[in-house]
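A.B. asks: Just to be clear, the model below is a prediction. Sequence and coordinates:
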Amino acid sequence: MKRFWNQATCVAEGDGFAIHLDGRPVKLPTGASLRVATRELGEAIAAEWQAAGGERGGEMSWEDVPLTRLTGTAAERIAPDPAATIAAIAKYAETDLLCYRAEDEDLAARQNAAWQPWLDWARANLGAELRVTRGIMPVAQTPAALAALHGAVAALSPVALSALGVLVPALGSCVLGLAVVQGALEPAAAHRLAVLDELFQEERWGLDWEAEERREKVAADLALAARLAALSQG
């Protein structure tokens, strides 16, 4: 669509912040005004609208306003009924990537060194003690561990849940996603942990350019989601 505004601004409204385009609020598809809880997030969203299209009359797309898209998802799809999103995200804890070690001894040693500290983090900070196995056969996690991770997900705001909804599926790990949202782990570091197996195989067999391109896209998505989570907390 064409840019129809000159100035995008973040405006305090009630107990939150709205984004105005030449004084008119940005609207969600339902017709409600887009409002966020923190000035930091409001200003970041205003900045992406200010940049979109370059200037009045320029061409833009929704790809130019990714924070707006994720925040809109939080407002319209998650906030009215968070339970479904919470359940979908927390379910990843049942088969968390960090709990599965390879049969290959060298890879398993690398996984243990890289992944176990984050399982220890989950136990110490979230009260979730997850079981570890070798191979691909599922290992049943205790109800207590699953409940603890479900509780950690449920404690998040709709905007943070929107971010976590990107992080957890991309990483294959509820633990890593929560660590990023809570600021304990940088998204790039979480990504390296999630693709540890791929990188190990490439050391042996050479770089897979298609896989590298895919990883670059995922890395950008993770960085965006982590930024949204951080901005939503002020």
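C.D. replies: Okay, I see it.
A.B. asks: When you work out contacts or count neighbours from here on, use the C-alpha atoms and nothing else.
C.D. replies: OK.
A.B. asks: who's in contact with the nearest residue to residue 134 once chain neighbours are set aside?
C.D. replies: In this structure, residue 134 finds its nearest non-sequential neighbour in residue 101, 4.7 Å apart by C-alpha to C-alpha, 6 or more residues apart in numbering. Residues in contact with residue 101, defined by C-alpha atoms under 8 Å, 6 or more residues apart in numbering, are 107, 108, 111, 112, 132, 133, 134, 135.
A.B. asks: got a pLDDT number for residue 101?
C.D. replies: Here, the pLDDT recorded for residue 101 equals 96.
A.B. asks: and which of the contacts of residue 101 is nearest to residue 171?
C.D. replies: residue 111 (14.6 Å; C-alpha to C-alpha).
A.B. asks: May I see the buried residues of the top helix by length along the chain?
C.D. replies: Ordering each helix of the chain by length in residues (DSSP state H) puts helix 209-232 first. Of all the residues in helix 209-232, those buried under the rule 16 or more other C-alpha atoms under 10 Å are 215, 218-219, 221-232.
A.B. asks: again, but for stretch 63-78
C.D. replies: Within stretch 63-78, the residues scored as buried using 16+ other C-alpha under 10 Å are 65-76, 78.
A.B. asks: Restricted to helices, list those residues.
C.D. replies: Residues of the buried residues of stretch 63-78 located in helices (DSSP H): 66, 67, 68, 69, 70, 71, 72, 73.
A.B. asks: quick one: terminal-to-terminal distance for stretch 72-92?
C.D. replies: End-to-end distance of stretch 72-92 (C-alpha to C-alpha, to the nearest Å): 24 Å.
A.B. asks: before we move on, the earlier item: now, which of the contacts of residue 101 lie within strands?
C.D. replies: Counting by DSSP state E, the contacts of residue 101 place 133, 134 in strands.
A.B. asks: For the contacts of residue 101, name the two members farthest from one another.
C.D. replies: 107 and 132 (14.8 Å).
A.B. asks: picking up where we left off before, what's the closest of the buried residues of stretch 63-78 to residue 28?
C.D. replies: residue 72 (6.6 Å).
A.B. asks: give me every residue that touches that closest one.
C.D. replies: Contact analysis of residue 72 by C-alpha under 8 Å, 6+ apart lists 28, 34.
A.B. asks: Could you do residue 21 as well?
C.D. replies: 5, 6, 7, 8, 9.
A.B. asks: now residue 122: how far from residue 146?
C.D. replies: Taking C-alpha to C-alpha, one finds residue 122 at 11 Å from residue 146.
A.B. asks: Quickly list what's touching both of the two.
C.D. replies: residue 128.
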